[in-house]
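In: dropping the sequence and predicted coords here.
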Amino acid sequence: MTNVAVDHEYTREGPAGSPASVRPAAVVWLTGLSGAGKSTIADALGPTLRARGLAVEVLDGDVVRTHLSKGLGFSREDRDLNVLRIAFVAHLLSRNGVTVVVSAISPYRAAREEARRMIGAFVEVAVAPPLEACIARDPKGLYAKALAGEIPAFTGVSDPYEPPLAPEVHLDTTQIDVQTAVDRIVLALEERGHLGAP
């Protein structure tokens, strides 16, 4: 796997030698197939966390690919590099007290585990409706093209998706609405001490 360097001189208590202590904020990492509901949940979670007084940044996988990972393809190496670039940006924000919400397919387990190691305060959210539901939604028309052979190496069709083995939160978006999904993530953050008093 391609590695992204991290400045480990910046400790969990703040920058080395700094008199001020900066407590790293959490990174909420939503992973799942295209059409699972990741972006919808992330867009609802951001304002909810801001209402709790947190500084929040939402990193959408598609947006990052356009601006930070332009030129990368969809080989396993390129997908992993994209995930680690997102993780690096999330790490920089988190260590400065910004709560980060990541919405990215991030299909490979090893890359997500490397992101967890890099970040530390990592809350993995598996957005996991059945594949059939994602195909039925197909908001971008991508599954239809992939099933017709027009898109090679498409996650969930012709390329694997490795679901989390023990995510902090598991969401089947065919069984719950967006608000319930947000509430479950907020509860997970509260239980892990990442939120102050409401």
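Out: Ah, there it is. Bear in mind the structure is a predicted one, so any value in this text is a computation, not a measurement.
In: next, the buried residues of stretch 142-157.
Out: The neighbour-count check on stretch 142-157 (16 or more other CB atoms under 10 Å) flags 142-143, 146, 151, 154-157 as buried. For every residue, glycine as well, the C-beta is placed using N, CA and C.
In: and stretch 125-140, by the same measure?
Out: Burial within stretch 125-140, assessed by neighbour count using 16+ other CB under 10 Å, is assigned to 125-129, 133-135, 137.
In: out of the residues you listed, who's nearest residue 48?
Out: Nearest to residue 48, judged by CB to CB, of the buried residues of stretch 125-140 is residue 125 at 13.7 Å.
In: on that earlier part again, among the buried residues of stretch 125-140, which has the minimum pLDDT value?
Out: Across the set of these, residue 137 stands lowest in pLDDT, at 92.
In: phi, psi of that one?
Out: Dihedral pair for residue 137: phi -70, psi -50, per degrees, to the nearest 10.
In: check contacts around the residue nearest to it when sequence neighbours are not counted.
Out: Once flanking residues are discounted, residue 137 sits nearest to residue 35: 4.5 Å by CB to CB, 6 or more residues apart in numbering. Taking CB atoms under 8 Å, 6 or more residues apart in numbering, we find residue 35 in contact with 133-135, 137-140, 142-143.
In: could you dump those into JSON lines with secondary structure and distance to residue 76 added?
Out: What follows is the contacts of residue 35, written out as JSON lines (DSSP: H, G, I helix; E, B strand; the rest coil; distance: CB to CB, whole Å):
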{"residue": "133", "secondary structure": "helix", "distance to residue 76": "26"}
{"residue": "134", "secondary structure": "helix", "distance to residue 76": "21"}
{"residue": "135", "secondary structure": "helix", "distance to residue 76": "23"}
{"residue": "137", "secondary structure": "helix", "distance to residue 76": "26"}
{"residue": "138", "secondary structure": "coil", "distance to residue 76": "24"}
{"residue": "139", "secondary structure": "coil", "distance to residue 76": "25"}
{"residue": "140", "secondary structure": "coil", "distance to residue 76": "22"}
{"residue": "142", "secondary structure": "helix", "distance to residue 76": "19"}
{"residue": "143", "secondary structure": "helix", "distance to residue 76": "20"}
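In: so residue 106 belongs to a helix, correct?
Out: No. Secondary structure of residue 106 (DSSP: H, G, I helix; E, B strand; the rest coil): coil, not part of a helix.
In: pretty sure it sits against residue 59.
Out: No. Residue 106 is not in contact with residue 59 according to CB atoms under 8 Å; the separation is 11.3 Å.
In: hey, what's in contact with both of the two?
Out: Taking CB under 8 Å, 6+ apart as the contact rule, residue 106 and residue 59 both touch residue 86.
In: more neighbours: which of these two?
Out: In terms of neighbours (other CB atoms under 10 Å), residue 106 is the more surrounded of residue 106 and residue 59; the figures are 28 against 21.
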